[in-house]
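K.L.:
I'll drop the sequence and a predicted model, then ask my questions.
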Amino acid sequence: MEILANSLRPTKLSEVVGQKHLVGKDKVLYNLVKNKKLFSMILFGNPGIGKTSIAFALVNELGCKYRLLNAVVNNKSDFDVAIEEAKMYGDMVLIVDEIHRMNKDKQDILLPYIENGTIILIGLTTSNPYFKINPAIRSRCQIFELYNLDYNDILDGLKMAAKKLPKIKVDNEALEVIASLSSGDFRSAINLLEVAYYSSSDKHITEELVRKINARPVIVGDKNESGHYDLISALQKSIRGSDAHAAIYYLGRLLVIGDLDIIYRRLSVIAYEDIGLANPSIGPKLLAAIEASERIGLPEARIPLAAIVLEMALSPKSNSAEMAINAVIADIESGFSGDVPPWIKTNSKEYKYPHDYPNHWVKQQYLPDKVKNKQYYKPCLNNKYEVSLVNGNKEMKN
């Protein structure tokens, strides 16, 4: 029995839900199809937002011979067979799901055939390819990020999907609840629609029926509520704004949803982006709270997370580290950099070793000539710890 989500796979890019930055008119994938040309690529993003759909739409619309493999499920011999097929046809598209989990053996046999164009690889992954995919594979692929689907994307997709179910009657309110419950995962939304369809005696899908199947409260994605990522944004801005009441409230909203991973990631960003040098102990404390939460799980994980979120909200704030590195990267990307001064290059005999001088400091140019007068770090002087660091540094140089 084929599930609805699979039967609804798009056969062309215009049928893909969302991702208009890639598949919309005159966007990159749209133009690849228009120009009848395909390159190796990696599509990455959260589950259920269209990676596999885009891959199938591309190969179908271009009429490419292709094979779909999974980096975990399929063994090396399956990849060998795909390579032999590609040789026989002259070229072939190989769609590899969970490509971030492809082991070295499989990578090694694919690399030369990707290099010579016998295989056009479309890798699919939920992990950031810049961290999780072997550089040798990554360097041979264009990387495209898929964005999370919003409420309206899901709702529009559900309306199209409903037309595929015979004799269905579905209330708009039911579709709105399904879209709200999906948290941006279109596959999840389609699956819930299908379960509701076959759970009803008369093929009439109502809001009440949907809520009986999925009793989780509608927290995210509702047109009258903040979306999932709005909640994360609200959590960060509340902590940044030192509002402990709002911070703990938005943490509670996210805990009810149960998305611990996104809480961990965003709190890790906040610790260094918004608090930084004002309270440098917050980073290790946060890691300890995350580890405790991982060990005990929900619902008890709410307690260490609540404690660390409150401390983060109540902590002094400094974004000086972020501003400093942003300024450096902006200069580098604009070509405003320079050579490392010769006296601090490896094994230089001109180098003055600070430990040989009073206060462990000696006047010496460290920045390249092009940027030698730049002051990238601008201290945030509204917190005691950072002020003490700056003052201590000044005393050392006097």
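P.N.:
Arrived safely. Numbering: from 1, shown residues only.
K.L.:
farthest residue from the center of the protein?
P.N.:
residue 358 (48.0 Å; CA atoms, centre = their mean).
K.L.:
give me phi/psi at residue 190?
P.N.:
Main-chain torsions, residue 190, degrees, to the nearest 10: phi -60, psi -40.
K.L.:
right, I mislabeled it, should have said residue 170
P.N.:
Dihedral angles for residue 170 - degrees, to the nearest 10 - are phi -130, psi 130.
K.L.:
repeat that for the one 3 residues further on.
P.N.:
Main-chain torsions, residue 173, degrees, to the nearest 10: phi -60, psi -40.
K.L.:
ok, residue 330 next?
P.N.:
The phi/psi pair for residue 330 (degrees, to the nearest 10) is phi -60, psi -40.
K.L.:
count of neighbours near it?
P.N.:
For residue 330, the neighbour count with other CB atoms under 10 Å is 11. Bear in mind the C-beta positions are built from the backbone N, C-alpha and C, glycine included.
K.L.:
in contact with it, which residues?
P.N.:
Contact criterion CB atoms under 8 Å, 6 or more residues apart in numbering gives no residues in contact with residue 330.
K.L.:
quick one: average pLDDT of stretch 151-158?
P.N.:
For stretch 151-158, mean pLDDT is 89.
K.L.:
give me the distance from that stretch to the chain's centre.
P.N.:
Distance of stretch 151-158 from its chain centroid, counting by CA atoms, centre = their mean, to the nearest Å, is 21 Å.
K.L.:
next: stretch 340-350.
P.N.:
Remark: stretch 340-350 is offset 40 Å from the chain centroid, using CA atoms, centre = their mean.
K.L.:
again with stretch 349-359
P.N.:
44 Å.
K.L.:
what's the answer for stretch 383-392, then?
P.N.:
35 Å.
K.L.:
quick one on the thing from earlier: and the residue farthest from the centre of the chain, how far from residue 398?
P.N.:
11 Å (CB to CB, to the nearest Å).
K.L.:
okay, the residue farthest from the centre of the chain: pLDDT?
P.N.:
Looking at residue 358, its pLDDT stands at 88.
K.L.:
repeat for the one 3 residues further on
P.N.:
Here the pLDDT value assigned to residue 361 is 88.
K.L.:
count of residues packed around the closest residue to it other than its chain neighbours?
P.N.:
Leaving aside its sequence neighbours, residue 361 sits nearest to residue 396 (CB to CB, 6 or more residues apart in numbering; 5.1 Å). Using other CB under 10 Å, residue 396 has 12 other residues around it.
K.L.:
and whichever strand or helix holds residue 396, what does it pack against?
P.N.:
Taking DSSP states H and E as the criterion, residue 396 maps to helix 384-397. Judged by 3 or more CB pairs under 8 Å, 6 or more residues apart in numbering; DSSP states H and E, helix 384-397 is in contact with no other helix or strand.
K.L.:
noted, bye for now.
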